[in-house]
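Engineer: The amino acid sequence is not available; the structure is as follows:
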């Protein structure tokens, strides 16, 4: 509910009670008690609602209301009650009187809380003065007469006005506090004043009801909390209203004296005394009012001078100084006083004109900053015309006696106004003029310091800059040369003609540039000119020129020259590095592509043929791995030189990165010329290349494409790359030209790679197992796991169709992990079904990329632990090319696996680049002879001798031999006679599924045919 509704309801209720009391005096006691209880409840509700910072004064106010209501009701009890309870009337009177000091303590609490942060002694004395005046009136006209009455009425009649007077004094003190008195304070004041009037007039009940109403209304107003908060307003000067209140309080005494003399018929002579006392008191009060007005005006002028000082300190030019002066004078004068201000600074900057002006300036220098009144027509005419509406002008010179600039007279401040205002303003204008003089001197000195610093700064820059600054006149003669010209030209060119210091070949161009600049053109680009520099060497100068002939301080062409010999050299080197290979010096990919696009543009115009050759060294990685990168770099540099030597002058050789090169053939009419270029490159690479290690042969594969196949640079590059890929796959060390079907094969390969990736993720693989036979006994001792791809459309796909793609894409790693785990699960199942004597071992192929996995050993160990297969039942097959690799980490991992009991086999032995000597250096257990040697044993004695030698060497090294691809009984018989223990091939069995292996193993018929 809004605050006004509870206040309105409470006020209406209390008004009803007051009317009832006046109309029915017999109900005075109960109605007074009801009014007191209602007021106490309302005060309590207001405290809970507004939550003042200090609720104690409000609770004391509620207690005063309660004591007043209880005491008044008890003291006025009917006689039939007081006769029976004789103590009731004295007790009620005591409670009623106690309410006044409690109220005084409450008011004192409000005063204490309000004055906790302010020391307002003036307000205290003002309150005491007013209270004393009121006390004199009450004493003279209320308390005095009552002291002559009966004793019973006298002491109660005396006590109530005295108590009211105490509360009134505290209320006046609260009203004179700094800051605005809020509405609750006004309500309390009205209530206490009404109670005082009612006690004096004998209407005690109505006065107390008015007090109860005021207390309740004050508590219901939300701002009631402000009465207990410290005032943050500083003590104010005595205002006119407060001075009038003090005057009224001071007039109480003579007024009382006059009244008593007329009323009591005192001596008539005292009337004159009282009248004169009143007049004197009024005069003193008027004088005090004048003093206060002067004090306020002095404070206002001091504030105006302080603000003017701050504005002058921040002023940066004479305009802002003039504005600050005009603002200050307007604040120094009373409002609405006409005035004019003229700040004459030019008088200090020129010689005074005329005898009167000179004499005034002399007087100004002599009097200093003393202001004097002069007739307006006697001042300078430039000032007088702006102050013609005033008869007199206040003239205040601005003089600095110790001014370093010479003349101490900085200027003159003129203020026009009525004469009385100028007389009051004189001292303030003198202070203002002194501040203005300092501000103007500070601004002038600041400008001078800035000017000198600027000159010094630019002089230092010119004398110490590395750029040469020349000033050339209309005849091209050098009138000024900066000191840096000595370092650039080896001498001072001042006095020489500008063309004489420039290279003779640049004379005509220089003349054109100077003519254009003198014609008003602006040079928008840098111009480089050659010149004969220091030590008689040629230097390159970057020239900038500006026409400053219109500037009096220059009056010529300003030419700035900078030695850019070294920066231009670095630019050329950086440009070369950006487009050439740093190691071989050939063009890089960026330059090659750029030249290819230009060649295609020329080809489109003249119909010539453009050819692109991609050249890749065969097996270059083996050189790096075996001989080191330093030898590999020597090989690359030599190959680059031979490729460049095999090309024509119009052709471009480039290194695209690593061991990849490219050649651009242009301006030929026949695509066959491009093929001839490839043959010349092969011929250039045929001779051995000497390196620090040993002579090396550089074999290369080349992919060729020409513009008849495509007219777009990106398409040509793609075709050449595809042709190179085909050349690599065709056996290396040869070239292939792009054909359309190559693109189709590549698309098919990409499709195969995508399908293979899907197959790896979805698990579309299965394993077949081919037995490894003990050829003497005719029994299977192990099985090799062979992966098959179960394609959803093509059916079962053998490894030779997808293993290469899996190696290139890296899919061989997850595929190999699955093969190992699946093979071990299968052999674990066999071991549970077959008898211990029949349990075979499992041979699994692992790729190089799979072995290079950092956790390969842990993968194998974990797979064995999960399946329960002993390490002795696992054999890992690696390719023969790994024998020559010096990857110590791989061989360390294989050695760890071998120490666990896992056997390591070399697959397809005899087809790679290995040496038989590596067999005793590596952790190898088994050698598997490649099928190509087995097939030729019967028809070729050389192949037979090679296989026999491998078997004998392996046996001497303690290695087991497995012959692969046995399909003919004659081959088997030869191997048995050579003492080759193990073999596998279609002669014994084709790869079988895991269930077929179990049936095959349980077959009673002889396996060896």
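Structural biologist: Perfect, thanks for sending it. Since the structure is predicted, the reported quantities are computational estimates derived from the model, not experimental observations. Numbering: from 1, shown residues only.

Engineer: For the stretch 851-1000 of the chain, just list every one of the strands.
Structural biologist: When assigned using DSSP state E, counting those that start in this stretch, the strands of the stretch 851-1000 of the chain occupy the ranges 874-879, 903-909, 926-929, 960-963, 982-983.

Engineer: So what are the sheet partners of the shortest one and their directions?
Structural biologist: Right, strand 982-983. Strand pairing for strand 982-983, using DSSP bridges, gives strand 765-774 (antiparallel), strand 960-963 (parallel).

Engineer: For it, what is the distance to the chain centroid?
Structural biologist: Chain-centre distance of strand 982-983: 73 Å, with Cα atoms, centre = their mean, to the nearest Å.

Engineer: what bits of the stretch 401-550 of the chain have low per-residue confidence?
Structural biologist: Counting by pLDDT under 70, the stretch 401-550 of the chain has low-confidence residues at 402-406, 451-466, 524-526, 533-536.

Engineer: quick revisit: for the strands of the stretch 851-1000 of the chain, give me CSV that also has mean pLDDT and mean neighbour count.
Structural biologist: C-betas here are computed from N, CA, C, even on glycine. Compiled in CSV, the strands of the stretch 851-1000 of the chain are given as follows (pLDDT from 0 to 100; neighbours: other Cβ atoms under 10 Å):
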stretch, mean pLDDT, mean neighbour count
strand 874-879, 88, 21
strand 903-909, 83, 22
strand 926-929, 88, 24
strand 960-963, 92, 24
strand 982-983, 94, 22
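
Engineer: now the ones you listed in JSON lines, with distance to residue 792?
Structural biologist: Formatted as JSON lines, these follow (distance: least, Cβ to Cβ, whole Å):
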{"stretch": "strand 874-879", "distance to residue 792": "29"}
{"stretch": "strand 903-909", "distance to residue 792": "30"}
{"stretch": "strand 926-929", "distance to residue 792": "33"}
{"stretch": "strand 960-963", "distance to residue 792": "35"}
{"stretch": "strand 982-983", "distance to residue 792": "36"}
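
Engineer: Tell me which of those sits nearest to residue 224.
Structural biologist: Across these, residue 224 has its closest neighbour in strand 874-879 (95.5 Å, Cβ to Cβ).

Engineer: Report the secondary structure element holding residue 210.
Structural biologist: Assigned by DSSP states H and E, residue 210 belongs to helix 204-220.

Engineer: now do residue 842
Structural biologist: strand 841-845.

Engineer: quick one: that strand to chain centroid distance?
Structural biologist: With Cα atoms, centre = their mean, you get 61 Å for strand 841-845.

Engineer: do stretch 790-802 as well
Structural biologist: Between the centre of stretch 790-802 and the centre of its host chain there is 58 Å, according to Cα atoms, centre = their mean.

Engineer: Could you pull up the mean pLDDT of the strand holding residue 842?
Structural biologist: Strand 841-845 carries an average pLDDT of 92.

Engineer: in the protein, which residue is closest to the centre?
Structural biologist: Nearest residue to the geometric centre of the chain (Cα atoms, centre = their mean): residue 314, 34.5 Å.

Engineer: list the contacts for that one?
Structural biologist: Residue 314 sits next to residue 320 when contact means Cβ atoms under 8 Å, 6 or more residues apart in numbering.

Engineer: Kindly provide the distance from it to residue 981.
Structural biologist: Distance, residue 314 to residue 981, using Cβ to Cβ, to the nearest Å: 108 Å.

Engineer: what do you get for residue 321?
Structural biologist: As for residue 321, its distance to residue 981 is 117 Å (criterion: Cβ to Cβ).

Engineer: Who has more neighbours out of those two?
Structural biologist: When neighbours are counted by other Cβ atoms under 10 Å, residue 321 and residue 981 differ, and residue 321 comes out ahead with 22 against 19.

Engineer: related to what we said a few turns ago, nearest to residue 23, out of the strands paired with strand 982-983?
Structural biologist: Closest to residue 23 of the strands paired with strand 982-983, according to Cβ to Cβ: strand 765-774, at 114.4 Å.

Engineer: Now do the strands in the stretch 401-550 of the chain.
Structural biologist: Along the stretch 401-550 of the chain, the stretches classed as strands by DSSP E, counting those that start in this stretch are 409-416, 468-472, 478-481, 527-532, 538-548.

Engineer: cool, the stretch 701-850 of the chain as well?
Structural biologist: 735-737, 765-774, 779-791, 795-797, 841-845.

Engineer: For these, could you give me CSV that also reports distance to residue 325?
Structural biologist: Listed next are those as CSV, based on distance: least, Cβ to Cβ, whole Å:
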stretch, distance to residue 325
strand 735-737, 96
strand 765-774, 100
strand 779-791, 101
strand 795-797, 103
strand 841-845, 103
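
Engineer: would you turn the ones you listed into JSON lines with mean neighbour count and distance to residue 414?
Structural biologist: Listed next are those as JSON lines, based on neighbours: other Cβ atoms under 10 Å; distance: least, Cβ to Cβ, whole Å:
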{"stretch": "strand 735-737", "mean neighbour count": "22", "distance to residue 414": "104"}
{"stretch": "strand 765-774", "mean neighbour count": "21", "distance to residue 414": "109"}
{"stretch": "strand 779-791", "mean neighbour count": "20", "distance to residue 414": "110"}
{"stretch": "strand 795-797", "mean neighbour count": "13", "distance to residue 414": "112"}
{"stretch": "strand 841-845", "mean neighbour count": "22", "distance to residue 414": "113"}
